[in-house]
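**Q** heads up, no residue letters with this:
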């Protein structure tokens, strides 16, 4: 018995060594380090799914390995996950957390380890650290909020917005960029107030916003608060147009509401894959549904595009993290959501769209596309 | 008119919070242990209702007894796994074990249900009643009625039945109760079951209007803790009043000030109560003999 056990352990050890050796030779590893638990688990799960789907569709002839690690919501967990991932084989690039605080913690280590981090984090400062190893495949607030404000002012013709935002870092950043975008358009909001994500009843803030006599409600809230506010607005008989933040475009947000409660509601986002588009986008949506049994959102598509660009670079001959970094820095990539090109800081995405609901369906339709709206605003 | 509308919303929210605080204070009285999993039990009740809704395609009021029974069973499990093995250890052991149960519930819910926010079915209907210019969601009225009935029923059991007397005796002095022949361990198990059932009911009531996610229990335990501290540590009426006070700040005060300012005012009020009346609004003063 003991001899059999020893033999088994020996065989396992040998196969492990052989596997490591083989991996070291020609296999590139692409760890997926994303928040699957905690307050960002909804968006983190989309991010993971997008990365995993892209890696499943690796072009023929390329040997890859990958593992998914839940980084939770603490910066320490993200740094530990990156350290551990770097110790396992040759890492080509990392699908890295969309949580800004985790990205900021991981960036110095990524610089030390010389590993490209591919993310969909919206936190502006991650690409302002002078770190050449970060690549963001999701438009930052400067882009999306410029599109948000421009749609309100230029398309709807509204000049008295009431802005309701979240008191989190996400909300504060969006609010600051909305302020700047409205200012650039010569508009001053008639009402601005932050609400905590834990607030259960949003009627108080809605009542105050309406008392300021706005001609449009502009929201920048997380998923559940967006749905809650829309439901309370509908039951209060509010008929003002509402232009919400990107959380509204997520199919899981729309699923909380009746289609009638969505009538006249629009939202900014990077993309809305369920709204259709090219055959490639439809193929992505079908593959996503088949793989995960869920509807994809813009975070999933952004991460999918990012990892696909990485794999295209590998296919073109980039076999080291530095070669992949150079390719991401220099190349232009036609993704499913948009065309990606680094601005020199790692910001790859420069387009945003506005989608609107017709009151009959939970699937929004594309209302307006903005390619580099900040440049256009200037 | 807007003030009346806010009052209805505030009372509905306070009624649901009261159920959360009530379950918390019952366990606290019976065991002298703080059940930090109470908020996650509320989340579990909400998700249980979400899961049961497709199986029982009837209004939430029909689901309520099912949720109460299943949550009571979960409460028994919680007591067996996280309280009874540690009852003779320092209180901090139970704090830690209930925190662990809360994390297990959160992560289990995330695996089973995914991270998306979900809505439980309404108790009766999802319509909005328009009464004299007021838009009152049916669910708000149903929350007040059902929470009031559950709290009343619980008070009746505690005040008028033999089981209630035994439960109160266990809460007041477990050693004396045991000496008088009260099966203390069984009473503690029943208390955990009632506490979890209260949490389940609150979960079902809250999950329709305010949605539920695997992480939504975290802030509810804080609210239950504040309600019990304000009302008086261990006081059942105090917990209900404390819960209504929190809702008053969240809905009433935030309609005048901003929500962050209302939260600040709530914590200042809590601080003032702790300084001026440390035993809470309904608590009994405890003095040390000289």
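**A** Received, thanks. All values reported here derive from a predicted model rather than from experimental measurement. Numbering: from 1, shown residues only, chains lettered A, B, ... in the order given.
**Q** In the stretch 251-378 of chain A, what residue comes closest to chain B?
**A** Residue nearest to chain B within the stretch 251-378 of chain A (CB to the nearest CB): residue A:252, separated by 3.8 Å. (Glycine included, C-beta is placed from N, CA and C.)
**Q** what number of residues lie near that residue?
**A** Using other CB atoms under 10 Å in any protein chain shown, residue A:252 has 22 neighbouring residues.
**Q** That one against residue B:113, yeah?
**A** No: at 11.3 Å, residue A:252 does not count as touching residue B:113 under the criterion of CB atoms under 8 Å.
**Q** Kindly report the residues of the stretch 51-200 of chain B close to chain A.
**A** Residues of the stretch 51-200 of chain B found near chain A (CB under 8 Å from any CB of the partner chain) are B:106-107, B:110, B:114-119, B:128, B:135, B:137.
**Q** from those residues, which ones fall inside strands?
**A** Assignment to strands by DSSP state E places the following of those there: B:128, B:135, B:137.
**Q** where do the helices sit along the chain?
**A** In the absence of a named chain, chain A is used. A:2-26, A:41-56, A:75-86, A:100-113, A:141-150, A:169-184, A:203-211, A:223-235, A:251-254, A:279-292, A:298-315, A:321-330, A:373-377 (DSSP state H).
**Q** that's the wrong chain, I wanted chain B
**A** B:2-31, B:38-52, B:60-78, B:91-113, B:138-160, B:162-172, B:174-179, B:184-209, B:217-231, B:236-247, B:254-256, B:259-276.
**Q** out of the ones you listed, which comes closest to residue A:309?
**A** helix B:91-113 (29.8 Å; CB to CB).
**Q** neighbouring contacts of the closest one?
**A** A:36-37, A:41, B:31-37, B:39-41, B:43-44, B:47, B:50-51, B:78, B:81-83, B:86-87, B:214-215, B:217, B:221 (CB atoms under 8 Å, 6 or more residues apart in numbering or on different chains).
**Q** With mean pLDDT and distance to residue A:161 as extra columns, can I get the helices of chain A in JSON lines?
**A** JSON lines is the format used below for the helices of chain A (pLDDT from 0 to 100; distance: least, CB to CB, whole Å):
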{"stretch": "helix A:2-26", "mean pLDDT": "46", "distance to residue A:161": "54"}
{"stretch": "helix A:41-56", "mean pLDDT": "94", "distance to residue A:161": "25"}
{"stretch": "helix A:75-86", "mean pLDDT": "94", "distance to residue A:161": "35"}
{"stretch": "helix A:100-113", "mean pLDDT": "94", "distance to residue A:161": "26"}
{"stretch": "helix A:141-150", "mean pLDDT": "93", "distance to residue A:161": "8"}
{"stretch": "helix A:169-184", "mean pLDDT": "92", "distance to residue A:161": "7"}
{"stretch": "helix A:203-211", "mean pLDDT": "94", "distance to residue A:161": "10"}
{"stretch": "helix A:223-235", "mean pLDDT": "92", "distance to residue A:161": "15"}
{"stretch": "helix A:251-254", "mean pLDDT": "92", "distance to residue A:161": "21"}
{"stretch": "helix A:279-292", "mean pLDDT": "95", "distance to residue A:161": "31"}
{"stretch": "helix A:298-315", "mean pLDDT": "96", "distance to residue A:161": "23"}
{"stretch": "helix A:321-330", "mean pLDDT": "96", "distance to residue A:161": "37"}
{"stretch": "helix A:373-377", "mean pLDDT": "51", "distance to residue A:161": "16"}
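**Q** I'd like those helices as a markdown table, with distance to residue A:339 appended.
**A** Shown next, in a markdown table, are the helices of chain A (distance: least, CB to CB, whole Å):
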| stretch | distance to residue A:339 |
| --- | --- |
| helix A:2-26 | 31 |
| helix A:41-56 | 17 |
| helix A:75-86 | 29 |
| helix A:100-113 | 23 |
| helix A:141-150 | 13 |
| helix A:169-184 | 22 |
| helix A:203-211 | 37 |
| helix A:223-235 | 28 |
| helix A:251-254 | 25 |
| helix A:279-292 | 13 |
| helix A:298-315 | 10 |
| helix A:321-330 | 14 |
| helix A:373-377 | 14 |
